[in-house]
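> 3D, please:
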Amino acid sequence: MVMMTKGFAVPQAMGNDINCGMRFYTTDLSERQIQERLPELTKKIRYIFFEGGRQIPMTGRQRQALFRYRLEGILESSHDSKKSGLWRYYQPEIQENWLNRTVFRGSLKADSTEGLEDFIGSYDQLTYDDQIGTIGGGNHFLEVQRVVEICDGEWVEPFLVSSRKCR
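Predicted coordinates for the structure are as follows:
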């Protein structure tokens, strides 16, 4: 949604669904293994995505890159965090592959970060934030599914552990 104003900003006019959408991740766990570990996985997922347990340290440069260049900014500044917190799991080559498959590479660029100076903070200092990387609020959710059949295997093949093609 877009709301035109003159001389003032309405932050909630666009909602809090930045980068709202579906993601498809695979695992090498079997359906049975997931079922057996579901209570443990649910607890960990809730902590990471809903209770601020992401431990995502970011420098001011990374925060500015996030706001100005979106996902491409994260890709280009990820080395600032020195593999601390959840950054130790970040794989730039996978991010690059996803960006190449995403409209506008997931990045509608902004000219400035005016008004965000307090949030961005010191350019080189690592700080933590509870909101970056959340699933969001309202009707946002995370679900675990079992894929039985894949009809467009060429598109999803780079993301799969294994697949069964449509007939």
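> Go through the strand or helix carrying F49 and flag the buried ones.
F49 is part of helix 31-50 when elements are defined by DSSP states H and E. For helix 31-50, a neighbour-count test (16 or more other Cβ atoms under 10 Å) marks 45, 48-49 as buried. (C-beta placed from N, C-alpha, C; glycine too.)
> Between those, which sits nearest R88?
Among these, I48 lies closest to R88 (Cβ to Cβ), at 13.9 Å.
> Identify the residues contacting S107.
By Cβ atoms under 8 Å, 6 or more residues apart in numbering, the residues touching S107 are 69-73, 99.
> What's the end-to-end length of stretch 110-123?
18 Å (Cα to Cα, to the nearest Å).
> I'd like to check what contacts that stretch. Which residues are they?
9, 59-61, 63-64, 67-69, 127.
> Helices of the chain, start to end?
31-50, 60-77, 92-100, 117-120, 153-156 (DSSP state H).
> Can you add distance to Q145 and mean pLDDT and give those helices back as JSON lines?
Shown next, in JSON lines, are the helices of the chain (distance: least, Cβ to Cβ, whole Å; pLDDT from 0 to 100):
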{"stretch": "helix 31-50", "distance to Q145": "10", "mean pLDDT": "88"}
{"stretch": "helix 60-77", "distance to Q145": "24", "mean pLDDT": "91"}
{"stretch": "helix 92-100", "distance to Q145": "19", "mean pLDDT": "89"}
{"stretch": "helix 117-120", "distance to Q145": "35", "mean pLDDT": "86"}
{"stretch": "helix 153-156", "distance to Q145": "13", "mean pLDDT": "72"}
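> Report how many residues lie close to G7.
For G7, the neighbour count with other Cβ atoms under 10 Å is 4.
> typed the wrong thing, it's R68
Residues lying near R68 (other Cβ under 10 Å) number 16.
> Please report the distance of it from Y25.
For R68, the distance to Y25 (Cβ to Cβ, to the nearest Å) stands at 27 Å.
> Repeat that for Y90.
On the measure of Cβ to Cβ, Y90 and Y25 end up 14 Å apart.
> quick one, which of those two is more surrounded?
Using other Cβ under 10 Å as the criterion, Y90 and Y25 rank with Y90 on top: 16 against 6.
> can you pull the contacts of that one?
78, 83.
> Kindly recompute the last result at 10 Å.
Residues in contact with Y90 (Cβ atoms under 10 Å, 6 or more residues apart in numbering) are 56, 74-75, 78-79, 81, 83.
> Which entries within those meet the buried criterion?
Those of these that meet the buried threshold are 56, 74-75, 78, 81, by 16+ other Cβ under 10 Å.
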